[in-house]
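Novice: generate a structure from the sequence data that follows.
(one chain, ligands or ions: 2)
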Amino acid sequence: MKIYTSKCCVIGDAEVGKTTMLLKYSKNTFNENYKPTLGADFIIKEEKLPNGDEFHLYLWDLAGHPSFAILRQYYMHGANAAIVCFALNNQATFENVEGWLKDVYRVRLEKVPVILVGTKSDLSREVSDDQIDAFCKEHGLVYFSTSSKTGENIREVFMKTIDLIMQSNKT
Ligand SMILES: Nc1nc2c(ncn2[C@@H]2O[C@H](COP(=O)(O)OP(=O)(O)O)[C@@H](O)[C@H]2O)c(=O)[nH]1
Ligand SMILES: [Mg+2]
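Specialist: Ligands and ions are numbered 1, 2, ... in the order given. So this is what the prediction gives:
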């Protein structure tokens, strides 16, 4: 049996639901109350691969507030993948995705897989599928819409992340 370990950063504007998504995935909990992430947090999630090998995913939850920009660069260093989040009910957070991608590329993560996540799909929508489709085509991104409230696509995001990391390691 082999154990793979990889690092993945979760970024995006403050309050889009990054911490909530990580808690839903790792602990299957959901909390309505917003508590800002200070600096950075991380969780380790261990998954069994179909062939019996283990994948240990180190998930870094990076504070979205602009004051943590410098700190984020340190934490993003050496990541094997990035998950960029925006909230489907907040157009401004979608507009800012481009800036988050620039952050990813600035720390020389050009080659790593980037997964785009539209959060809060259970709330009323401001961002259209057409906009998202066009953006993903332009930037070559994999996309999921999720809800940490209903659990929609939460597991899928991380399974896909692991899958893409495994693929990028092979090439
Ligand atoms: N309805 C709904 N609320 C959510 C969802 N995800 C997060 N939230 C709420 O949005 C707020 C911000 O979430 P949080 O995870 O702290 O955002 P972060 O700053 O990106 O880490 C919290 O009040 C959460 O309860 C979701 O999928 N659906
Ligand atoms: Mg947070």
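Novice: tell me which residues are up against the helix or strand harbouring Cys8.
Specialist: Per DSSP states H and E, Cys8 falls inside strand 3-12. In this structure, residues lying in contact with strand 3-12 by C-beta atoms under 8 Å, 6 or more residues apart in numbering are 18, 21-22, 49, 53-62, 64, 72, 75-76, 78-86, 93, 96-97, 100, 103-104, 117, 161-162, 165-166, 169. For the C-beta atoms, the positions are set from N, CA and C on the backbone; glycine is no exception.
Novice: give me the below-cutoff pLDDT ranges for the chain.
Specialist: Low-confidence segments of the chain, defined by pLDDT under 70, span residues 171.
Novice: contact residues of it facing ligand 1?
Specialist: By the rule C-beta under 6 Å from any ligand atom, the part of the chain lying against ligand 1 is 14-20, 31-34, 37, 64, 119-120, 122-123, 147-149.
Novice: how about 5 Å then?
Specialist: With C-beta under 5 Å from any ligand atom as the criterion, the chain comes near ligand 1 at residues 14-20, 32, 34, 120, 122, 147-149.
Novice: what's the closest of the residues you listed to Ile43?
Specialist: Thr19 (9.8 Å; C-beta to C-beta).
Novice: coming back round to it: let me know the closest of the residues of the chain next to ligand 1 to ligand 2.
Specialist: Comparing those against ligand 2 with C-beta to the ion picks out Thr19 as the nearest, at 3.2 Å.
Novice: just want the angle from the helix or strand where that closest one lies to strand 3-12.
Specialist: Assigned by DSSP H and E, Thr19 belongs to helix 18-27. Using axes from the mean of the first three to the mean of the last three C-alpha atoms, to 10 degrees, the direction of helix 18-27 lies 150 degrees away from that of strand 3-12.
Novice: what about ligand 2: which of the residues of the chain next to ligand 1 touch it?
Specialist: The overlap between the residues of the chain next to ligand 1 and the neighbourhood of ligand 2 (criterion: C-beta under 5 Å from the ion) consists of Lys18, Thr19.
Novice: now Asn90, nearest residue through space, not along the chain?
Specialist: Residue nearest to Asn90 in three dimensions, not counting chain neighbours: Glu126, with 6.0 Å by C-beta to C-beta, 6 or more residues apart in numbering.
Novice: okay but that neighbour is in contact with Thr93, surely?
Specialist: No: between Glu126 and Thr93 no contact is recorded; they are 9.1 Å apart, counting by C-beta atoms under 8 Å.
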